[in-house]
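Colleague: I'd like to go over a predicted model; first the sequence, then the structure.
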Amino acid sequence: MMSTTLPLSNNRVAHYLERGTGEPLVLIHGVGMQAGAWYPQIDDLSSDFRVIAVDMPGHGESTALDANAGLQDFVNWAIEFIEALNVGPVNLAGHSMGSLIAAGVAVTRPDLTKRVAVLNGVYRRTAEARDAVLQRAAELRSGSIDIETPLKRWFNAEEAQRIAAQKVESWLKSVDLAGYATAYTAFAKGDEVYADGWNKIACPALVLTGSDDPNSTPEMTRQMASAAHSGNAVVIENERHMVNLTAPDEVNRALRAWLQTEPVAESMKSEA
């Protein structure tokens, strides 16, 4: 696997992992994670695609954005990164916060998005759910990080899940707290930023979650998929928020089916 740093504007860099050849597939992880959090997808999909897993700003080796950056700033960063790759339109997939970014790119820059996949995405949270994530964002900004609570929420006690949980725990312990806080605040406030734009997404859109994910719910998944022109909702039973790690075979099958979907012509995108 190749580790690469790509220069961006304002003396910033984006770090990414790359493996394979073929159509480009760009993967954007969630808050607190890093590019390696896509390891089951990199291992499987790189046999047929050029898989590019990027560190989100303020995570891994990618330069952080301004402390007050909102979701639009993260979307603009992703647009700049895709343009800097200079590979034309890409297949773009995101998980959690990364899925908000991916959807934002698909809404605003359909010319860069051949297909879009949203894994464990959020959409129009309830007031109670929004208050909970805003409170966690405030705790992070104060310098407090709670690792045990999300681990208990994301994983069960099964052996395979414990292995994934140990990896996630190591990533959370190594993340830059300031970068984590900035991204989480944007995530907490970002569920409605591009919500009205889903009807503009004309490219094939996979929207996937676990049936037991209380925050990225199956209902949210179905709503996003139904709003897109060519959306497909997939709910994996008995799975939670880190479904790409805990149910990699099912997720990889869904991603492969999505990647085989005929892309939409540019004329249809411009009419969306």
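Modeller: Received it, and whenever you're ready, just let me know what you need.
Colleague: hey, let's count contacts and neighbours off CA atoms from now on
Modeller: Fine.
Colleague: wait, a helix at Gly94?
Modeller: No - the assignment for Gly94 by DSSP: H, G, I helix; E, B strand; the rest coil gives strand, which leaves it out of any helix.
Colleague: what about it, how many residues nearby?
Modeller: Gly94 has 24 neighbours, counted by other CA atoms under 10 Å.
Colleague: relative to Ser46, how far out is it?
Modeller: Counting by CA to CA, to the nearest Å, the gap from Gly94 to Ser46 is 17 Å.
Colleague: now the helix or strand Val51 falls within: mean pLDDT?
Modeller: Assessed by DSSP states H and E, Val51 sits inside strand 50-54. Mean pLDDT, strand 50-54: 98.
Colleague: what's the answer for stretch 188-203, then?
Modeller: For stretch 188-203, mean pLDDT is 96.
Colleague: over to stretch 103-110?
Modeller: On average, stretch 103-110 scores 98.
Colleague: quick one: contacts of that stretch?
Modeller: Here stretch 103-110 makes contact (CA atoms under 8 Å, 6 or more residues apart in numbering) with 72, 75-76, 78-79, 112-113, 116, 118, 194, 197-198, 200-203, 269-270.
Colleague: quick one: buried residues of it?
Modeller: Residues of stretch 103-110 classed as buried: 103-110 (neighbour count, 16 or more other CA atoms under 10 Å).
Colleague: Ala14: which of those is nearest?
Modeller: Nearest to Ala14 among the buried residues of stretch 103-110: Val105, at 16.8 Å, using CA to CA.
Colleague: quick one: that closest one and Leu65, what's the gap?
Modeller: Look at Val105 and Leu65: by CA to CA, they are 17 Å apart.
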